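**Student:** heads up, no residue letters with this:
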């Protein structure tokens, strides 16, 4: 094993640069924590929130009513997008009940 000899000034410079880099990475990480996936909902969460089945969620995605993001074959939804379609889902449920009554 060999030795590398640094002048103290060069070592202090590298040390300061490394500390600065670590601080910048910490700030980036803190900013990105606001955008983590734990705030997103998966299909099961959407089904429970809206009291609908997975096939209905698929239909809402297919017809463009519900925005989504797919990561590694898993589908995620922003909570605000899900809340925005509550009225649409309720209207569809009312419409289905009306159709059943009028036969």
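**Tutor:** Arrived safely. Remember, it's a predicted structure, so these values are computed and weren't measured experimentally.
**Student:** surely residue 39 touches residue 79?
**Tutor:** Yes. Using CB atoms under 8 Å, residue 39 is in contact with residue 79, at 6.7 Å. C-beta: built from backbone N, CA, C; applies to glycine.
**Student:** buried sites along the lowest-mean-pLDDT helix or strand in the chain?
**Tutor:** In the chain, no helix or strand scores lower on mean pLDDT, DSSP states H and E than helix 86-102, which sits at a mean of 81. Going by neighbour count (16 or more other CB atoms under 10 Å), the buried part of helix 86-102 is 89, 92.
**Student:** now do the longest helix anywhere in the chain, average pLDDT.
**Tutor:** Selection of the longest helix in the chain by residue count, based on DSSP state H, yields helix 8-32. Confidence over helix 8-32 (mean pLDDT, whole number) is 90.
**Student:** just the buried positions in it, please.
**Tutor:** Buried residues in helix 8-32, counted by 16+ other CB under 10 Å: none are found.
**Student:** give me the contact list for it.
**Tutor:** For helix 8-32, the external contacting residues (CB atoms under 8 Å, 6 or more residues apart in numbering) are residue 6.
**Student:** got it, and stretch 86-103?
**Tutor:** Outside stretch 86-103, the residues that reach it (CB under 8 Å, 6+ apart) are 50, 52, 56, 60, 65.
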